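Participant: I would like the atomic coordinates for the input below:
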Amino acid sequence: MIKKPRTKPSYLCQLEELDQRVPIHLPQKADIQKRLKNEKSGFKGELEVNYPLSFLPQQDFIILHGLRIKGASHYFQIDTLLLSRYLLIPLETKNFYGLIEFEDNGQFTRTGDSGKQEGYPNPLYQSMYHREQLQQFLKSNGWPAIPIYPLVVISFPNTIVRSSPKNREVIERVHHSAKLPFIIPHIVKQFPKPIIDDVQLLSLSN
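Facilitator: Purely as a prediction, here's the structure:
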């Protein structure tokens, strides 16, 4: 079940308001509109995940969208977190289009329609950071060591994902959103032993 619905980010709302207020002739206008376009695209990508997640067994998962959690030293953001008695699955949603490539040396690049190749932070590393921060958060709040299996979700179905065949990390953890109803039950089967009970699961989601 969805316990924390997805809402429009406050930063996106602020940019929309700012875009309406700033006159077209000011030099800051172009930068505002560029940021607004990127934020809208990112939010649209996150919304694309809602539909495939609706096919998961509602009784098996509690779904929290748009989590902002205070860690030991700073806040961290999780696009979507799936909670179950067996494990937690954080989803890092990316709205890249065109061709994205995970290199063996850890570099991550995107090639768009123009053919220009650009480098970006590797989303796999970002998902690993979230796993570490979430583990620390659970430990510091007295929760047992629940397995955490982060996934990177590509929201646009026509995005091409390329990596070396030996890069198991990409094969196992990077998926298009349409694959979520099939890959998530497969992942859960790898963790057959429940770590917490239903009462604890509800408490954790609270």
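Participant: list the contacts for I184?
Facilitator: Residues near I184 by C-beta atoms under 8 Å, 6 or more residues apart in numbering: 56, 82, 89. All C-beta atoms are positioned from the backbone trio N, CA, C, and that covers glycine.
Participant: try 10 Å this time
Facilitator: 52-53, 55-57, 60-61, 82, 84, 89, 91, 149, 151, 175 (C-beta atoms under 10 Å, 6 or more residues apart in numbering).
Participant: Taking the residues you listed, please make a ChimeraX selection of just the buried ones.
Facilitator: Entered in ChimeraX, the line below selects the buried ones among the contacts of I184, by 16 or more other C-beta atoms under 10 Å:
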select :52,53,56,61,82,84,89,91,149,151,175
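Participant: Tell me the pLDDT of G45.
Facilitator: Among the per-residue scores, G45 shows a pLDDT of 65.
Participant: before we move on, which element is E132 in?
Facilitator: Assessed by DSSP states H and E, E132 sits inside helix 123-140.
Participant: Y11 should be in a helix, yeah?
Facilitator: Yes: using DSSP: H, G, I helix; E, B strand; the rest coil, the assignment for Y11 is a helix.
Participant: ok, what's across the strand from the residue nearest to V174 when sequence neighbours are not counted?
Facilitator: Spatial nearest neighbour of V174, chain neighbours left out: V152 (4.6 Å); criterion: C-beta to C-beta, 6 or more residues apart in numbering. For V152, the beta-bridge partners are E92, V174 (DSSP bridges).
Participant: number of nearby residues for V152?
Facilitator: Using other C-beta atoms under 10 Å, V152 has 22 other residues around it.
Participant: ok now do it, which residues does it touch?
Facilitator: Here V152 is in contact with 90-94, 102, 122-127, 161, 169-170, 173-175 (C-beta under 10 Å, 6+ apart).
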